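In: Show me the folded form of this:
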Amino acid sequence: MPNPYFSFKQFTVYHDRCAMKVGIDGVLLGVWAPVGTATHVLDIGTGTGLIALMIAQRSQAVIDAIDIEPQAVLQAIVNVNHSPWSDRVQVMEISLQEFAETTDRRYDLIVSNPPYFINSTKAPSDNRTTARHADSLTHEELIHHAMLLLKPSGRLCVILPVNEGLQCVDTALRNGLYCSRQVSIFPKPGADAKRLLLEFSLNPCEKLISGLTIETEQRHHYSEDFTRLAKDFYLKL
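Out: Numbers count the residues shown, from 1 in each chain. You can find the predicted model right below:
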């Protein structure tokens with residue numbers, strides 16, 4: 001049995017040595033993305049299935065979770081099958097490009113913790129290279145296919161490092177997708193922002209800009225804002 005890495009109150013998400021560990025980026029996106037009354041959600045690059053399962057806990061939506069890494073898909077299937085929401089989450093080993101060509105489903109919400117390093121040194125592990133670099137899915141491809149798969153009122157939500165996130169906002173705007181919310185993520189008070197949570201809409205809109213700090217000055221002591229967002233997903237928070 002693989003080791004538990006992240007625990008929901010209802011069940012435990014597992015990862016094995018070949019799969020990417022659950023990180024704070026996925027947790028942030030999973031608790032922040034607006035589910036509302038969404039009936040269909042797409043998780044692109046699902047990894048362990050964490051974000052898809054968090055969305056399932058927060059909604060009544062049917063969720064399609066896709067990934068091109070076979071080991072990640074196997075791990076996600078294990079996690080989904082051990083969750084209370086296995087009847088609403090389908091995991092598929094398929095690229096976004098191929099999926100967009102073969103489905104006629106349209107989504108209220110698309111979420112992705114996408115590959116993010118552009119023109120940087122690649123990790124020695126093939127799995128980590130796939131998960132961290134934008135070679136297999138550029139941000140322009142992500143935006144293009146998301147626009148095809150969204151319902152007219154749908155939303156695309158992603159989390160990226162700050163520089164890559166700002167580039168993604170510019171790329172989206174050039175392609176007719178508008179950033180409606182931008183949240184700067186600060187690891188602790190006084191630190192520089194490390195990530196951006198971004199929400200995109202097909203309709204022109206005013207961008208709401210805000211910030212979120214993860215920890216207090218004391219290491220591993222979480223801020224009130226982060227605790228309020230994530231308390232339903234950690235056993236101890």
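
In: right, and the helix or strand after the helix or strand where Leu197 lies?
Out: Element membership for Leu197, per DSSP states H and E: strand 195-201. Toward the C-terminus, strand 195-201 is succeeded by strand 208-213 as the next helix or strand (DSSP H and E).

In: Can I get that following strand in PDB? Just the C-alpha atoms.
Out: Output in PDB follows, covering the C-alpha atoms of strand 208-213 (Å, rounded to 0.1, in the frame of the first residue of the first chain):
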ATOM      1  CA  LEU A 208     -10.500  41.400  -9.700                       C
ATOM      2  CA  ILE A 209      -7.000  41.400  -8.100                       C
ATOM      3  CA  SER A 210      -6.300  40.100  -4.600                       C
ATOM      4  CA  GLY A 211      -3.700  38.300  -2.500                       C
ATOM      5  CA  LEU A 212      -3.500  35.300  -0.200                       C
ATOM      6  CA  THR A 213      -0.800  34.500   2.400                       C
END
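
In: what comes up buried for that strand?
Out: Across strand 208-213, burial judged by 16 or more other C-beta atoms under 10 Å covers 212-213. Using the backbone N, CA and C atoms, a C-beta is placed for each residue, glycine as well.

In: tell me the average confidence for it?
Out: Across strand 208-213, pLDDT averages out at 98.

In: ok so, going back, contacts for the strand holding Leu197?
Out: 25, 28-29, 32-34, 143, 146, 154-162, 165-166, 168-169, 172, 177-185, 212 (C-beta atoms under 8 Å, 6 or more residues apart in numbering).

In: quick one: Val31 from Ser136, how far?
Out: 26 Å (C-beta to C-beta, to the nearest Å).

In: ok, the two, which is more surrounded?
Out: Neighbours per residue (other C-beta atoms under 10 Å) separate Val31 from Ser136, with Val31 holding more: 20 against 17.

In: Grab the nearest non-local neighbour of the more buried one.
Out: Computed as C-beta to C-beta, 6 or more residues apart in numbering, the closest residue to Val31 that is not its neighbour in sequence is Leu229, at 4.6 Å.

In: List the buried residues in the helix or strand hosting the one you found.
Out: According to DSSP H and E, Leu229 maps onto helix 224-230. With burial defined by 16+ other C-beta under 10 Å, the residues of helix 224-230 counted as buried are 226, 229-230.

In: And stretch 153-172, by the same measure?
Out: Under the neighbour-count rule (16+ other C-beta under 10 Å), stretch 153-172 has 154-161, 164-165, 167-169, 171-172 buried.

In: what do you get for stretch 32-40?
Out: For stretch 32-40, the neighbour count (16+ other C-beta under 10 Å) marks 32-33, 35, 38, 40 as buried.

In: Can you list the strands that the top strand by length along the chain pairs with?
Out: The longest strand of the chain (DSSP state E) is strand 150-161. Note on strand 150-161: by DSSP bridges, its sheet partners are strand 107-112 (parallel), strand 195-201 (antiparallel).

In: quick one: average confidence on the shortest one?
Out: In this case it means strand 107-112. 98.

In: Check the last one too.
Out: Strand 195-201 shows a mean pLDDT of 98.

In: Using PDB, write out every CA atom in it.
Out: Extracted as PDB, the C-alpha positions of strand 195-201 are listed here (Å, rounded to 0.1, in the frame of the first residue of the first chain):
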ATOM      1  CA  ARG A 195       2.200  31.700  -7.500                       C
ATOM      2  CA  LEU A 196      -0.800  33.200  -9.300                       C
ATOM      3  CA  LEU A 197      -4.300  31.700  -9.200                       C
ATOM      4  CA  LEU A 198      -6.000  32.800 -12.400                       C
ATOM      5  CA  GLU A 199      -9.600  32.600 -13.500                       C
ATOM      6  CA  PHE A 200     -10.500  33.200 -17.200                       C
ATOM      7  CA  SER A 201     -13.800  33.900 -18.900                       C
END
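
In: Alright, that wraps it up for me.
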